[in-house]
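Peer 1: what follows is a predicted structure for the sequence shown.
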Amino acid sequence: SAVISQKPSRDICQRGTSLTIQCQVDSQVTMMFWYRQQPGQSLTLIATANQGSEATYESGFVIDKFPISRPNLTFSTLTVSNMSPEDSSIYLCSVSRGSNQPQHFGDGTRLSIL
Amino acid sequence: DAKTTQPPSMDCAEGRAANLPCNHSTISGNEYVYWYRQIHSQGPQYIIHGLKNNETNEMASLIITEDRKSSTLILPHATLRDTAVYYCIVRVVGYGGATNKLIFGTGTLLAVQP
């Protein structure tokens, strides 16, 4: 499976600021996804990062709050904008080599907002 | 909403087989059953998936009932490192990002006891 690196692994931020999370894969992948895992909860899909076009967001998530970039087949970023304590979560990147291939996950970014 | 039902927790003795059940009574003909697990402080790890035949790999076996309304993940010789939350997910495998998203339920917390 692909090796997925997320940076930063954790951060503590002030409310009102923004943080960009990077996801780097060691090989080209067709699909990249961003998930959120709130404390004690399961994972929720934020959006599908599409290479060369705007991300596809799930219900309840908007581009102004979670802008996503995907400039190539090995890299994507998720920005958490204008953060509040409710944004304290683990943010995870996942990748897939194709529609019939399983998704593989990075270890996530633990974000705490003060 | 997740399309699967799992017990919230299970215990298993180290060295014994762990059998994790999952109900997916509304599964469609083109939906696969996927299993992931999440060890504390890590991203979800892909285990195995299947459509209607039983599957086995180096990690586990997947037994799907003939009517496909339920399945069982079997860890043949559980170790302490298998303690994790196990997620059973049904997913359409097709073309396009929308069919590839994973909807996580609450999973089963498997505690392997020494």
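Peer 2: In hand now; what should we look at?
Peer 1: every contact and neighbour count from this point should use C-alpha atoms.
Peer 2: Noted.
Peer 1: with adjacent residues omitted, what lies nearest to the residue of chain A found nearest chain B?
Peer 2: Taking C-alpha to the nearest C-alpha as the measure, the point where chain A comes nearest chain B is A:D107, at 4.2 Å. The shortest distance from A:D107 to any residue other than its chain neighbours is 4.2 Å, reached at B:G43 (C-alpha to C-alpha, 6 or more residues apart in numbering or on different chains).
Peer 1: what about that neighbour, neighbour count?
Peer 2: Counted with other C-alpha atoms under 10 Å in any protein chain shown, residues neighbouring B:G43 total 23.
Peer 1: same question, B:T4
Peer 2: The local packing count at B:T4 equals 23, with neighbours defined by other C-alpha under 10 Å.
Peer 1: A:C23 now?
Peer 2: Taking other C-alpha under 10 Å as the neighbour definition, A:C23 ends up with a count of 25.
Peer 1: in the sheet, who's paired with it?
Peer 2: In this structure, A:C23 has beta-bridge partners A:Q6, A:S76, where bridges are defined by DSSP bridges.
Peer 1: contacts only, for it.
Peer 2: Taking C-alpha atoms under 8 Å, 6 or more residues apart in numbering or on different chains as the definition of contact, the neighbours of A:C23 are A:4-7, A:75-77, A:93, A:106.
Peer 1: ok so, going back, ok, the residue of chain A closest to chain B - contacts?
Peer 2: By C-alpha under 8 Å, 6+ apart, the contact list for A:D107 reads A:5-6, A:9, A:92, B:41-44.
Peer 1: give me the local confidence score for B:N100.
Peer 2: What the model reports for B:N100 is a pLDDT of 73.
Peer 1: and it, how far is that from chain A?
Peer 2: Going from B:N100 to chain A by C-alpha to the nearest C-alpha, to the nearest Å gives 6 Å.
Peer 1: that residue contacts B:V92, doesn't it?
Peer 2: Yes: under the criterion of C-alpha atoms under 8 Å, B:N100 makes contact with B:V92 at 6.8 Å.
Peer 1: who's more crowded, those two?
Peer 2: When B:N100 is set against B:V92 and neighbours are counted by other C-alpha under 10 Å, the residue ahead is B:N100, at 22 against 19.
Peer 1: which SSE is B:R37 in?
Peer 2: Assigned by DSSP states H and E, B:R37 belongs to strand B:31-38.
Peer 1: spatially nearest residue to B:V85, not counting backbone neighbours?
Peer 2: Take B:V85 and drop its neighbours on the chain: the residue closest to it by C-alpha to C-alpha, 6+ apart is B:L109, 4.2 Å away.
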